[in-house]
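K.L.:
Below are the sequence and a predicted model; questions follow.
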Amino acid sequence: MKIHIINVIRAISLAVGALVLAFPAWPQSADTVLVNGRILTVDNQFSTREAIAIRDTKIMSVDSTVEVRKLAGPQTRVIDLQGRTVIPGLIDSHMHAIRAGQAFGSEVNWVGAATLAEALGRIHEASLKKKPGAWLIVAGGWNVAQFKEKRRPTQADLVAAAPNNPVYIQLGYDWIVMSPAGFKALNINTDADLPRPGKLERDANGAPTGAIDGGGNNDVAVALFDKLPHPTFDEQVAGTKSFFRELNRLGLTAVGDPGGNNVNPEDYQPIFKVWREGKLTLRVAYSLCGPTAGRELEELKSLTQMLPLGFGDELLKFNGLGERITWGMNNNDTPTADEKDKLYQIVKWAALRGLPVTIHWPKNETVDTLLSTYERVNQEIPIANLRWSVAHLNNASPQSLQRMKAMGIGWTIQRPNAASVENAKELGVMMGAGTDAHRVASYNPFTALEWSLVDSKNAGGVQRGPDQTPTRADALHAYTIGSAWFSFDENRRGSLEPGKLADLAVLTKDYMTVPADQIGSIESLLTMVGGKIVYATGPYASLEGAR
């Protein structure tokens with residue numbers, strides 16, 4: 001009897017199995033489908049599709065509207081793109097987003113101001129909301145070329161805009177102007193009161209203008225900024241959330257944060273809090289600098305004891321060392337043998353641990369110092385698979401790029417020489433686009449795409465030939481899957497393909513066809529990170545926060 005029952009069960013199981021094979025399981029319905037659009041996939045063929053289906057955090061399908069609609073069920077959210085262009089979420093490969101976020105809510109923002117009058121108006125408006133004596137700070141993100149007046153603000157401009165407040169305006173790392181109240185608050189009266197080699201700027205008669213010349217040394221602005229009042233921890237948390245939403249508005253879904261000046265270990269706590277709360281709307285791969293001059297290797301060894309590469313998750317993770325590896329080699333074109341050896345010791349240690357390294361190096365004329373150090377390490381410990389990179393190097397020569405390619409070193413580009421970009425493409429050097437925001441440039445990726453990568457004129461207005469101008473497809477590739485490479489993520493994000501994370505942006509204008517001088521005005525109408533809508537406006541405003 002027992003044997004008979006077992007045989008019956010086996011027969012039933014075989015019958016059920018046959019039915020399963022004969023009738024495949026129905027596919028699960030998509031959570032969201034976007035239809036009737038122009039989807040730039042940025043896959044290997046740079047394909048264009050009509051629609052995309054998303055389930056959970058990933059892409060199910062990218063196909064025609066007819067085929068994607070078949071994946072919709074009764075509970076599926078259907079978003080009609082009405083012909084709009086969709087791109088993979090933009091990834092800034094080199095943005096100081098953690099630092100910028102901390103102060104975003106307490107600083108005055110000049111990004112996008114078309115005139116100096118508009119910029120000063122923002123100072124005035126901020127002064128009306130502050131108490132007398134409270135600082136008003138513009139810590140960068142602007143340049144003279146963006147203003148119709150084509151000039152920097154004067155001390156008199158600041159006094160007129162905010163007569164009752166100390167005002168601090170920083171242009172890159174080279175120049176600062178303050179109101180008289182600012183000089184008084186920082187107790188600066190003569191050159192001797194400034195960090196060296198900073199000097200008070202003087203007019204033709206020898207009178208101070210209210211500006212400070214950094215003498216080409218970043219340390220002057222770094223030291224002065226540290227003297228300013230810092231936002232509270234709660235203000236830093238709120239600023240981080242606000243800044244990341246601002247980046248989402250511009251189609252950004254991820255950044256590589258290289259650490260940098262004015263960023264110490266404790267300064268990562270605000271973003272950690274936002275992450276723990278589950279409120280990050282931007283993926284961040286962050287690097288660590290050596291905090292204290294002369295103790296960099298010792299401190300980095302200590303800081304990384306509990307930080308294996310990739311520690312974190314899809315939204316926030318540790319991604320190695322950068323961009324100021326040692327203080328002695330930071331913007332130093334004539335380092336001593338001892339300074340070069342300290343860099344070698346740290347990058348060799350990083351290679352032994354399998355850590356990525358990104359280093360700030362502006363000038364091709366002196367980059368041999370850096371590349372020779374990399375080559376020395378590479379002879380002892382192969383680094384080809386570690387995703388090391390050089391940041392900036394905007395005038396990279398073919399010879400430098402060839403050396404980088406030989407070691408598998410990538411290039412994170414910000415305002416590059418277009419001919420260098422074309423040389424890098426030809427050689428197969430991995431490129432990730434970015435802004436270096438927010439001290440030295442705007443954080444707007446579309447401004448960067450227009451000025452640096454696509455427009456037939458460079459930022460100085462000089463006409464470029466077709467052979468010196470990257471295609472729009474190449475530029476978008478660098479701002480998406482190219483940037484994803486630097487955090488080992490090119491197989492998870494950076495293009496719109498089935499199985500990848502659903503990071504995307506629906507644009508106000510078609511990036512591929514809009515006139516070049518209008519690329520900088522593009523924004524996102526809807527931004528998704530992992531299938532979640534983190535920013536929505538206009539026709540999609542009601543969808544924000546929905547999954």
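P.N.:
Sure thing, it's come through.
K.L.:
Identify the residues contacting stretch 532-547?
P.N.:
With contact meaning Cβ atoms under 8 Å, 6 or more residues apart in numbering, stretch 532-547 is reached by 31, 57, 77, 79, 82, 245, 248-249, 253, 281-282, 506, 508, 524-528, 531. For every residue, glycine as well, the C-beta is placed using N, CA and C.
K.L.:
where does the stretch 1-150 of the chain have low pLDDT?
P.N.:
Along the stretch 1-150 of the chain, the model assigns pLDDT under 70 to residues 1-27.
K.L.:
Who are the contact partners of Ser524?
P.N.:
Residues in contact with Ser524 (Cβ under 8 Å, 6+ apart) are Asn248, Arg249, Leu250, Gly251, Ala505, Val506, Leu507, Thr508, Tyr535.
K.L.:
Beyond the helix or strand bottoming out on mean pLDDT in the chain, next helix or strand please.
P.N.:
Using mean pLDDT, DSSP states H and E, helix 2-22 stands out as the lowest-scoring helix or strand of the chain, at a mean of 47. Using DSSP states H and E, the helix or strand that directly follows helix 2-22 along the chain is strand 30-35.
K.L.:
Report all helices and strands that that next one contacts.
P.N.:
The contact analysis (3 or more Cβ pairs under 8 Å, 6 or more residues apart in numbering; DSSP states H and E) places strand 30-35 against strand 51-55, helix 65-69, strand 72-80.
K.L.:
Could you single out the most deeply buried of the ones you listed?
P.N.:
Counting by mean count of other Cβ atoms under 10 Å, strand 51-55 has the highest mean neighbour count of those, with a mean of 25.
K.L.:
Determine the angle, from 0 to 180 degrees, between it and strand 30-35.
P.N.:
Comparing the axes of strand 51-55 and strand 30-35 via axes from the mean of the first three to the mean of the last three Cα atoms, to 10 degrees yields an angle of 170 degrees.
K.L.:
any chance you could map the strands in the stretch 351-500 of the chain?
P.N.:
Along the stretch 351-500 of the chain, the stretches classed as strands by DSSP state E, counting those that start in this stretch are 357-361, 389-392, 410-413, 431-433.
K.L.:
The third one - what's its average pLDDT?
P.N.:
By that I understand strand 410-413. Computed over strand 410-413, the mean pLDDT rounds to 96.
K.L.:
Identify the residues contacting it?
P.N.:
Residues from elsewhere that reach strand 410-413, judged by Cβ under 8 Å, 6+ apart: 93-94, 256, 358, 387-394, 396, 401, 404, 421, 424, 429-434, 452, 478, 483, 485-486.
K.L.:
Listing partners with orientation, what would you give for that strand?
P.N.:
strand 389-392 (parallel), strand 431-433 (parallel) (DSSP bridges).
K.L.:
Over to the first one?
P.N.:
Each strand that pairs with strand 357-361, with its direction, by DSSP bridges: strand 316-323 (parallel), strand 389-392 (parallel).
K.L.:
Save these as CSV, and put in mean pLDDT and mean neighbour count too.
P.N.:
CSV is the format used below for those (pLDDT from 0 to 100; neighbours: other Cβ atoms under 10 Å):
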stretch, mean pLDDT, mean neighbour count
strand 316-323, 96, 24
strand 389-392, 95, 26
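K.L.:
Quick check: which of those strands is nearest to Ser61?
P.N.:
When the strands paired with strand 357-361 are compared by Cβ to Cβ, strand 316-323 sits nearest Ser61, at 27.8 Å.
K.L.:
returning to what we had before: Leu496 is nearest to which of the helices and strands packed on strand 30-35?
P.N.:
strand 51-55 (6.2 Å).
K.L.:
Output the contacting helices and strands for the helix or strand just after the closest one.
P.N.:
Later in the chain than strand 51-55, the nearest helix or strand by DSSP H and E is strand 58-63. Here strand 58-63 touches strand 51-55, helix 65-69, going by 3+ Cβ pairs under 8 Å, 6+ apart.
K.L.:
Redo the ones you listed as CSV? Include distance to Asp368.
P.N.:
Below are the helices and strands packed on strand 58-63 laid out as CSV (distance: least, Cβ to Cβ, whole Å):
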stretch, distance to Asp368
strand 51-55, 46
helix 65-69, 52
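K.L.:
what's the closest of those to Asn164?
P.N.:
Closest to Asn164 of these is strand 51-55 (Cβ to Cβ; 51.7 Å).
K.L.:
Can you give the distance from that closest one to the centre of its chain?
P.N.:
How far strand 51-55 lies from its chain's middle: 26 Å, per Cα atoms, centre = their mean, to the nearest Å.
K.L.:
what lines up beside that strand in the sheet?
P.N.:
Here strand 51-55 has these sheet partners by DSSP bridges: strand 30-35 (antiparallel), strand 58-63 (antiparallel).
K.L.:
Turn those into TSV, including distance to Ala207 and mean neighbour count.
P.N.:
Converted to TSV, the strands paired with strand 51-55 look like this (distance: least, Cβ to Cβ, whole Å; neighbours: other Cβ atoms under 10 Å):
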stretch	distance to Ala207	mean neighbour count
strand 30-35	61	24
strand 58-63	63	20
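K.L.:
Next, format the ones you listed as TSV and append distance to Gly172.
P.N.:
Shown next, in TSV, are these (distance: least, Cβ to Cβ, whole Å):
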stretch	distance to Gly172
strand 30-35	40
strand 58-63	39
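K.L.:
Looking at these, which is nearest to Gly133?
P.N.:
Smallest distance to Gly133 across these (Cβ to Cβ): 50.3 Å, for strand 30-35.
K.L.:
Show residues contacting the helix or strand following the closest one.
P.N.:
Remark: after strand 30-35, the chain's next helix or strand is strand 38-40, criterion DSSP H and E. For strand 38-40, contacts defined as Cβ under 8 Å, 6+ apart pick out 46, 48-52, 62, 81, 83-88, 476, 496, 510-512.
K.L.:
who does the very next helix or strand once past strand 38-40 touch, helix- and strand-wise?
P.N.:
Next helix or strand after strand 38-40 toward the C-terminus (DSSP H and E): strand 48-49. When contacts are defined as 3+ Cβ pairs under 8 Å, 6+ apart, strand 48-49 packs onto strand 38-40.
K.L.:
in its sheet, what does the strand it packs on sit against?
P.N.:
Next to strand 38-40 in the sheet, as set by DSSP bridges, lie strand 48-49 (antiparallel), strand 85-88 (parallel).
K.L.:
Kindly present the ones you listed as JSON lines, with separate columns for distance to His124.
P.N.:
Below are the strands paired with strand 38-40 laid out as JSON lines (distance: least, Cβ to Cβ, whole Å):
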{"stretch": "strand 48-49", "distance to His124": "47"}
{"stretch": "strand 85-88", "distance to His124": "37"}
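K.L.:
which stretches of the stretch 101-250 of the chain form helices?
P.N.:
Secondary structure of the stretch 101-250 of the chain (DSSP state H, counting those that start in this stretch): helices located at 116-129, 155-161, 180-185, 218-226, 233-249.
K.L.:
any chance of these in TSV, with mean neighbour count and distance to Arg69 too?
P.N.:
TSV is the format used below for the helices of the stretch 101-250 of the chain (neighbours: other Cβ atoms under 10 Å; distance: least, Cβ to Cβ, whole Å):
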stretch	mean neighbour count	distance to Arg69
helix 116-129	16	46
helix 155-161	19	55
helix 180-185	18	60
helix 218-226	19	54
helix 233-249	20	27
